[in-house]
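**Q** Sequence and predicted structure are below.
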Amino acid sequence: MSGGSPSGSGSGNNIWVPIIVALIGAAAVVLVGYWQYFHKNNTREFVGRVVESGSETRIRGAKITLEEQSAPPIMYTDSEGTFSFPIKSSSSAIRVRVEADGYEKFDRLITPSSKTGLEEIKLTPIELETNQIQIEPQNKLIPEGTSSNELKSSVGVNYTQLQHLLSEGSWKEADQETSQIFFQVANPQRTDWIDMIALDKFPCEDLQTIDHLWAKYSGARFGFGIQQAIWESVQDETLPPVAIRENFGQQVGWLDGPDFTINAPKGHLPVSWISLNWVGGLRRGGGILLDRAKKCGIQAVGFQRQY
């Protein structure tokens, strides 16, 4: 009889085991749920809009750099000049730098306690010196209207399709259309090669029309005018021609391959007119055409020469 008591006591203790396990599981569920709720409700989105100080013109394509490891390091404003990124209440302050060609840099410190809602960031235009190319800031939005006088051709080329593709932001298709126009004007018998003599005599009116359309619909980011200005900026009598052409390719981003987006480097497009199957530096024929652009009075838009 004396041996029965310990056995009964052990059975009583075993009853509490599943109860304790259940309580621990329930507590874990509560803690996980609380953590998820706390985490979700302590993350918000910062939304900014970049505009020009004074005119309130929205600036698209402005570069946004975030100095915070968990956030995307670099982004660009959209067509409305806006950008956004998440910020947690537990995060440290995030330094935001806003840059756009033709404007002074802007630094802003964003903290978890910063106000919510859309915040406007105003950039101040840079006053250009007399030895700089006088231009409108690169990212200013340009009115979309196009008159028939803007589609002139001295050889009867119809630029309606190119205008349509550019207005839709179809950069790759517009680039291909531009190369076909070049073949049509400069060398109708070939579709893969253009004679350098023909490039040197390319009709100014047509070159001006192509450049105007590219500059207009890209916000002055693309076109022969900007390419010609960059081409002049890399000229160096101490370097061989091949090095100069490679420097140009690096400046416009061709060494990294084609980029058919609005965020491509200045002067990156159009590119297929050089060669349908070759991208890199600038071939000799490319330099001839850019020199021709200068002779035709095509000026840089959206480019600030560096001295």
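**A** Happy to help now that I have it.
**Q** From now on I want contacts and neighbour counts done on CA atoms only, so please keep to that.
**A** Will do.
**Q** Using the record's assignment, carve the protein into domains.
**A** 43-123, 148-295 (automatic domain parsing).
**Q** For residue 18, which of those is the nearest?
**A** domain 43-123 (37.8 Å; C-alpha to C-alpha).
**Q** CA-only coordinates of stretch 218-238, as CSV, when you get a sec.
**A** The C-alpha trace of stretch 218-238 is given here as CSV (Å, rounded to 0.1, in the frame of the first residue of the first chain):
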residue,chain,number,x,y,z
SER,A,218,12.4,63.2,-73.9
GLY,A,219,12.4,66.4,-71.9
ALA,A,220,15.6,67.5,-73.7
ARG,A,221,17.5,64.4,-72.6
PHE,A,222,18.0,62.8,-76.0
GLY,A,223,18.8,63.9,-79.5
PHE,A,224,21.7,65.0,-81.8
GLY,A,225,22.1,68.4,-80.1
ILE,A,226,22.9,66.9,-76.7
GLN,A,227,25.1,64.2,-78.4
GLN,A,228,27.0,66.9,-80.3
ALA,A,229,27.6,69.0,-77.2
ILE,A,230,29.0,65.9,-75.4
TRP,A,231,31.1,65.1,-78.4
GLU,A,232,32.7,68.5,-78.3
SER,A,233,33.3,68.2,-74.6
VAL,A,234,35.4,65.1,-74.9
GLN,A,235,37.7,66.5,-77.6
ASP,A,236,41.3,66.3,-76.5
GLU,A,237,44.3,67.0,-78.8
THR,A,238,46.5,64.8,-76.6
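**Q** In it, which residues are buried?
**A** Residues 218-235 are the ones in stretch 218-238 that count as buried (16 or more other C-alpha atoms under 10 Å).
**Q** what's the average pLDDT for that stretch?
**A** Mean pLDDT, computed over stretch 218-238, is 88.
**Q** same thing with stretch 18-34?
**A** Rounded mean pLDDT across stretch 18-34 is 66.
**Q** With adjacent residues omitted, what lies nearest to residue 47?
**A** Ranked by C-alpha to C-alpha, 6 or more residues apart in numbering and with sequence neighbours excluded, the top spatial neighbour of residue 47 is residue 84, at 4.3 Å.
**Q** cool, and residue 271?
**A** residue 175 (6.7 Å).
**Q** Please, which helix or strand holds the one you found?
**A** helix 171-186 (DSSP states H and E).
**Q** Would you map the strands across the protein?
**A** Counting by DSSP state E, the chain has strands at residues 43-52, 63-67, 74-76, 82-88, 94-99, 106-110, 118-123.
**Q** Make CSV from the ones you listed and add distance to residue 155 to it.
**A** Below are these laid out as CSV (distance: least, C-alpha to C-alpha, whole Å):
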stretch, distance to residue 155
strand 43-52, 41
strand 63-67, 40
strand 74-76, 40
strand 82-88, 42
strand 94-99, 42
strand 106-110, 47
strand 118-123, 44
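**Q** do you know which of the domains of the chain lies nearest residue 16?
**A** domain 43-123 (40.1 Å).
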